[in-house]
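Undergrad: Take a look and give me a structure for this.
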Amino acid sequence: MTMLTDDELDALAGAYVPTSPRLTGDRRRRLHRLLEPLDQVTREWTSTNVARVRNTLLHRVYLDRRPYWDWDHAVWVDVAERAGKSTDSSRRGPVVAAAHALGLHRRLHHLVQVNEAWVAELVFGRDAVQAVVDEVVDTLRSWDSSRHTVSGQVIPPGEG
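TA: Residues are numbered from 1 along each chain as shown. Below is the predicted model of the structure:
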């Protein structure tokens, strides 16, 4: 198990006490080991989604006193479920996408209610997902599937 350094714990305490996250330049430098992997997998995301996932994961790191790469299956499920209320999958999606993109949990989207097309866009990029959807639609049309079947069976990203 990887331990957090005293400096990382101190920086996290400053960022999450009180509960409003404050990630200053100094804290970012001190938390580089935790932030760098997140920055890499979220570089194409909107600032809102980046902040959501970063704050959610770092807050749990602070509470558990261990890095997110040491979390087991149950912790990832708990973090994702707590990220959003039962009706707000938009807050869970970035957590599920980050877990997948970091290579830490590849099946979380089966265990936590999220918009899977949106999570796929966060992980693989909108253009890549749209290219696959277009290929599936073209294949179905080449099999003489009706337009109704295609639109009813394959939900384009952002419409589900």
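Undergrad: I'd guessed residue 73 sits against residue 105; true?
TA: Yes - under the criterion of Cβ atoms under 8 Å, residue 73 makes contact with residue 105 at 7.0 Å. Where you see a C-beta, it was placed from the backbone N, CA and C, and this is true even at glycine.
Undergrad: and these two? which has more neighbours close in?
TA: More crowded of residue 73 and residue 105, by other Cβ atoms under 10 Å: residue 105, with 23 against 12.
Undergrad: How about the contacts made by that one?
TA: Residues counted as contacts of residue 105 (Cβ atoms under 8 Å, 6 or more residues apart in numbering) are 73, 76, 99.
Undergrad: Put together TSV for those, with distance to residue 58 and pLDDT on each row.
TA: As requested, the contacts of residue 105 are exported to TSV (distance: Cβ to Cβ, whole Å; pLDDT from 0 to 100):
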residue	distance to residue 58	pLDDT
73	20	87
76	15	90
99	14	90
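Undergrad: any idea how far the residue lying closest to residue 49 once chain neighbours are set aside lies from residue 45?
TA: Nearest non-adjacent residue to residue 49, counting by Cβ to Cβ, 6 or more residues apart in numbering: residue 94, 4.6 Å away. Going from residue 94 to residue 45 by Cβ to Cβ, to the nearest Å gives 7 Å.
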